[in-house]
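In: fold the stuff below for me.
(chains A, B, C and D)
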Protein chains: 2
Amino acid sequence: MRRDIFQAIADPTRRAIIALVAFQAMTPNAIAENFNTTRQAVSKHLRILTECELVKQEFQGREIYYSLEIDKMKEIDKWLEQYRKIWENRFDQLDKVLSTIKKQKK
Amino acid sequence: MRRDIFQAIADPTRRAIIALVAFQAMTPNAIAENFNTTRQAVSKHLRILTECELVKQEFQGREIYYSLEIDKMKEIDKWLEQYRKIWENRFDQLDKVLSTIKKQKK
DNA sequence: AATTTGTGAAACCAAATAGTTGCACATATA
DNA sequence: TATATGTGCAACTATTTGGTTTCACAAATT
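Out: Numbers count the residues shown, from 1 in each chain, chains lettered A, B, ... in the order given. Next up, the predicted model:
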């Protein structure tokens, strides 16, 4: 069970759950109402998301509220960082090209 | 075969391939040298990456050079956007708290 | 022309995945 | 106290996944 964050967000249902609990903490039942699957299936997704700390649990009596652990999302951002540099560099190069064209016009 | 970009980056070998071809275009054989799997396994990963347009092929005789399609990476960035807003907002709120504390000190 | 090299694809396999049903159990509510 | 409710977990299943081996075939090289 290699439960890394990339594998966690690979499943579309899990991404939808993430989107739901990003705005407000929700119970498994409330979350499950939004999908065509059983509550147990959602529960399994929540377990995976909890295991890799993408969501956190808050116990309130017999209810469990799940909410997004936003810090963990930054790890994806961190991974993207190196590639963002690449596409920003390309923009820099485009800028150079554009400024060269402007100079030629003058 | 639902081949979306999130599923593509879920596999660690594929992320490693992405990292390799980000810097320079490489042939399947050259890529495979970096892993403990067969060339054919790498070929399958390349097929998946090509299918969801994360890498592009450049044919040169009988060799095929693979390189990163950086634009596609932006889709992940786009998905992260909504969550980036959240963590940036939280920073704003932290800023408010900090400035309130500073005021109280005065 | 014969051989080597670079590649993709098909057939097969073990493991992982996402789902289901059925359960256990603690907490509310009557 | 008896019942209803909210939840997680185990067992099972069909499908997907990542890997291997074997092959086909075109492009280079001899």
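
In: SS state for residue A:36?
Out: coil (DSSP: H, G, I helix; E, B strand; the rest coil).

In: can you map out the helices along chain A?
Out: Per DSSP state H, chain A carries helices over the ranges A:5-8, A:12-23, A:28-32, A:39-51, A:70-105.

In: hey, which of these is tucked in deepest?
Out: helix A:5-8 (a mean of 20; mean count of other CB atoms under 10 Å in any protein chain shown). In short, each C-beta sits where N, CA and C put it, glycine included.

In: please see if that helix touches chain B.
Out: Yes. Helix A:5-8 is in contact with chain B by CB under 8 Å from any CB of the partner chain, via A:6-7.

In: hmm, that helix touching DNA strand C?
Out: Yes. Contact of helix A:5-8 with DNA strand C (CB under 7 Å from any atom of the strand) involves residue A:7.

In: just confirm yes or no for that helix near DNA strand D.
Out: No. Using CB under 7 Å from any atom of the strand, no contact is recorded between helix A:5-8 and DNA strand D, whose separation bottoms out at 8.5 Å.

In: now for that helix, which elements pack on it?
Out: Packed against helix A:5-8 by the contact rule (3 or more CB pairs under 8 Å, 6 or more residues apart in numbering or on different chains; DSSP states H and E) you find helix A:70-105.

In: does DNA strand C sit close to stretch A:65-78?
Out: No. Residues of stretch A:65-78 contacting DNA strand C under CB under 7 Å from any atom of the strand: none, with a closest distance of 12.6 Å.

In: any chance of the helices of chain A in CSV, plus distance to residue B:73 and mean pLDDT?
Out: Below are the helices of chain A laid out as CSV (distance: least, CB to CB, whole Å; pLDDT from 0 to 100):
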stretch, distance to residue B:73, mean pLDDT
helix A:5-8, 13, 98
helix A:12-23, 17, 97
helix A:28-32, 30, 98
helix A:39-51, 24, 97
helix A:70-105, 5, 79
